[in-house]
Every structure is written in C-alpha cells, then in structure tokens.
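Novice: Have a look; sequence and predicted model below, questions after that.
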Amino acid sequence: MRILVVDDEQLLVKGIKFNLENDGYSVDGAYDGKAALELFRENRYDLIILDLMLPEIDGLTVCRKIREESNVPVIMLTAKSEGRDKLIGFEYGADDYVTKPFDILELKARIRVILRRSGKGAGRSEDCIEIGSIKADLLQRTVYVGKEAVDLTAKEFDMLATLMRNKGKIFSRERLLAEVWGKDFPTDIRTVDVHVRRLREKLEKDDANPEYILTKWGVGYYFKAE
C-alpha cells in the first residue's frame, strides 16, 4: 500500500510518515500543492492524505484536480472545524475529513476503513482487537474487560492500542513515548512506567502479577501474544 501525505507542516508529515511506515505502508511526503500534484502524476497511490491549507496550490484545488484524473481515496486534513468546510471538501471529492489536532490512531483507523471499503485493505489490522478477556475498539475508543467497560484516559488508550496491535513486540520506553506522544512526547521516560502501572491496575486481575501487559526486564514492555 502506497500513501501520499501532503501538508506544509514538515514535522507533521514526518510524524505521519513514521507511524504509517511502522504499519507497513510505503509513504511519500509533499509540503505544497504543486509538489503534491507532481508526485500524484508520477506515482500510483492507494490513498492520499491532503491538508486543506497549502502553499502554491490550495488543498481544495489539488483535491479537485486529483479527482478529475483518479478515484484514489482522499482524506482531507484541516485546522478548521466548521461544517461548511467539511461540506466543501466532500463536494470537491474528499472521502473523509480529519480535523487538527488529531489522534494518530484515529487517522490510522480511518485509513484502514477507507482502504477496506475501496477493496484494498484486505488482511490489515481490524478496528476491534480482542486478546483474552480484553477488547479494544479503535474507532469508538472503548475498552472492555469481559463485559465490563473500562474508563481510560486518551494516552492510556493510545498506549494500550499500540501494544495490542503489536502483540508480542517489545517496545522500549523511548519508543512508546514516540509512538504515543509523537513529537510532543515528555522527556521523562518514567511517564511510560506510570501509564503502564495505571493500565495494569485497570485491566489486570492482579496488577502485581500481570497477565497481559508484560515487562521484558532491561528492554521495555509488550502485550502478550495469543
């Protein structure tokens, strides 16, 4: 799967690229509308993530030109949240709309939904992950232990989802900080330990002897493989 990410915020493009490449996508980046159209015409993409406000050529014009030449799915990014802007985006051919600031896991979930809807997402991660008695819905951002709903903070959910989607994979504290907090991650790696402790208290039968969120001493944390 090849994705084009277009935004004039270079750090945002690099952050999205980093996260999507970790999920196995091939990702190109562009920082203005002119470069985006050049890449679009030179390559074949399965999905395009496109900012509304772009230098050179604005996002709506880019979307319209793309739609004149292709049915490739387009997710529009914007700092604006007014309903009118969303309607205009849809009229110009956008398939979905994400308002900044956004949660990277939400963006990933929307990408999977659109790719699956377009027939290109077969075999990718599901939007609901269930391991043992723990079930996480990535779209609704809800978690259940058995039939009981569990209240998690946004970062607790993001950390749990990251670990569950990569079950059996060991994450260092530094890697979890980058994955969950992105470019704004705190400098104190003990933040990870605090969130892991809270997750265990909320999800494990015995948080002192966890069954799901496990520690690889001297390395980091992982979610047990089935």
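Specialist: Structure's in. What do you need?

Novice: Helices of this protein, residue ranges please.
Specialist: 10-22, 33-42, 59-69, 83-91, 104-117, 154-165, 173-181, 190-203 (DSSP state H).

Novice: State the mean pLDDT of the last one.
Specialist: Put plainly, it is helix 190-203. Taken as a whole, helix 190-203 has a mean pLDDT of 93.

Novice: right, so of the helices of the chain, which gets closest to Ile75?
Specialist: With CB to CB as the criterion, Ile75 lies closest to helix 104-117 of those, at 6.2 Å. Every residue, glycine included, has its C-beta placed from N, CA and C.

Novice: Contacts for the closest one, please.
Specialist: With contacts defined as CB atoms under 8 Å, 6 or more residues apart in numbering, helix 104-117 is touched by 1, 3, 15-16, 19-20, 23, 46-47, 49, 73, 75, 95-96, 98, 121-122, 124-125, 127, 138-139, 141, 157-158, 161-162, 182.

Novice: Just the buried residues from these, in ChimeraX please.
Specialist: Here is the ChimeraX command that selects only those of these that count as buried (16 or more other CB atoms under 10 Å):
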select :1,3,15,16,19,20,46,47,49,73,75,95,96,98,121,124,125,127,138,141,157,158,161,162,182
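
Novice: Tell me which of the contacts of helix 104-117 fall in strands.
Specialist: Ile3, Leu47, Ile49, Ile75, Asp96, Val98 (DSSP state E).

Novice: so how far is Asp7 from the fourth one?
Specialist: So the one you mean is Ile75. From Ile75 across to Asp7, the span is 11 Å (CB to CB, to the nearest Å).

Novice: and what of the third one?
Specialist: In this structure, Ile49 and Asp7 are separated by 8 Å, where distance is defined by CB to CB.

Novice: which residues are in contact with both of those two?
Specialist: Common contacts of Ile49 and Asp7 (CB under 8 Å, 6+ apart): Ile16, Leu77.

Novice: For the helices of the chain, give me TSV that also has distance to Gly146.
Specialist: Formatted as TSV, these follow (distance: least, CB to CB, whole Å):
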stretch	distance to Gly146
helix 10-22	30
helix 33-42	47
helix 59-69	44
helix 83-91	38
helix 104-117	23
helix 154-165	16
helix 173-181	25
helix 190-203	11
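
Novice: and the gap between the nearest residue in space to Ala30 that is not next to it in sequence and Ile48?
Specialist: Leaving aside its chain neighbours, Ala30 sits nearest to Ala36 (4.2 Å; criterion: CB to CB, 6 or more residues apart in numbering). With distances taken as CB to CB, Ala36 is found 8 Å from Ile48.
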